[in-house]
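**Student:** need a 3D model of the following:
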Amino acid sequence: MNQTQATGVNRAQFMRATLAASLAMGLHQGLAAAPARAMHQRKIASTGEALPVVGCGTWRGFGHAPGTPEYARLPGVLEALFDAGGTLLDSSPMYGRSERTTGELLAQSRRRSQAFLATKVWTSGRDAGIRQMEESMALLGSDKLDLMQIHNLVDWQTHLQTLRGWKSQGRVRYLGITHYTTSAFREVEAVLRREPLDFLQINYAFDDQGAAERLLPLAADKGVAVLVNQPFGGGGLLRRLSDRPLPAWAREIECTSWAQVLLKFVLSHPAVTCVIPGTSRPEHMADNARAGQGVIPDPAFWRQRSLNL
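**Tutor:** Predicted structure coming up:
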């Protein structure tokens, strides 16, 4: 849930320029005809199931209704995700129309079997939580979800009890918790230490590295898979970088855009399982997905690199 429409013009202009430059470089080096590589995968610690490392968030980008130009672009976003080997689509009841849109697009695409569907519960009370989760399933067009997350820890004790029952019944395969603000890290840490979970979704970016201090190491120690939201710093970081030329060292990690640089930084952390930048544009989804291919550097790589923020 990270890419706002405000980034679209600058990023689109920048991508056209870098694409032309990289194509010219590839032709010169004899690499332009190289076949596309598979997306990296990382294991979900609680089961060992492999998950592709780049997915798609649906905040804002999927909140459009049929008949709008924005909605008309969205089938291409799913195609770009699946064609690149990605699977994870993350949504929430708080994202407006996003769950309904995701369900419609998957039904139209006939590629539901390729999707790893994740959404959230975001209300208080047992009965209200059950109603909301069942409505999410109906909107997404599935009676079984891959991942249900307790959004922002709202009434987490109540919903966790429900979800443990649902998991034993096969209604959800995985359960987890989410947050996207640094101020909540202490509470997130307490829940991680206390409860067995499959997933943590948390904010982490080049300019927002607080989760690396305690939460990411703790998730690794506890065997909890990590989804990263806001990998572009909520969109502001990508906007600030979009007019700058890529540093020479970007070629060392096979990056042709700032988006790929920022995503590879996130994926460099060994505790991160999958990053979920949001977008409503197919070309951005394809660009994001390329961050999951090729070289993903060691964390030490970044200690000697600066973005001069």
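
**Student:** what is the burial count for residue 169?
**Tutor:** Neighbour count for residue 169, taken as other C-beta atoms under 10 Å: 9. To be clear about C-beta, it is placed using only N, CA and C from the backbone, and glycine gets the same treatment.

**Student:** from residue 140, how far out is it?
**Tutor:** 18 Å (C-beta to C-beta, to the nearest Å).

**Student:** then residue 281?
**Tutor:** For residue 281, the distance to residue 140 - C-beta to C-beta - is 22 Å.

**Student:** with residue 158 instead?
**Tutor:** Residue 158 is 22 Å from residue 140, where distance means C-beta to C-beta.

**Student:** these two - which one has more neighbours?
**Tutor:** Counting neighbours by other C-beta under 10 Å for residue 158 and for residue 140 shows that residue 140 has the greater number, 25 against 18.

**Student:** wait, that one sits on residue 99?
**Tutor:** Yes - Residue 140 is in contact with residue 99 according to C-beta atoms under 8 Å; the separation is 5.6 Å.

**Student:** for the two, list the residues in contact with both.
**Tutor:** Contact criterion C-beta atoms under 8 Å, 6 or more residues apart in numbering; residues shared by residue 140 and residue 99: 91, 119.

**Student:** what about the helices in this protein?
**Tutor:** Ranges of helices in the chain, per DSSP state H, are 8-29, 69-83, 98-109, 126-140, 156-169, 185-194, 215-222, 236-241, 258-267, 282-289, 300-303.

**Student:** hmm, who's touching the fourth one?
**Tutor:** Contacts made with helix 126-140 from outside it, assessed by C-beta under 8 Å, 6+ apart, are listed as 91, 93, 99-100, 102-103, 106, 117, 119-123, 143-145, 148, 155, 158-159, 161-162, 166.

**Student:** kindly state the beta-bridge partners for residue 43.
**Tutor:** residue 50 (DSSP bridges).

**Student:** which ones are touching it?
**Tutor:** Contacts of residue 43 (C-beta under 8 Å, 6+ apart): 49, 50, 51, 273.
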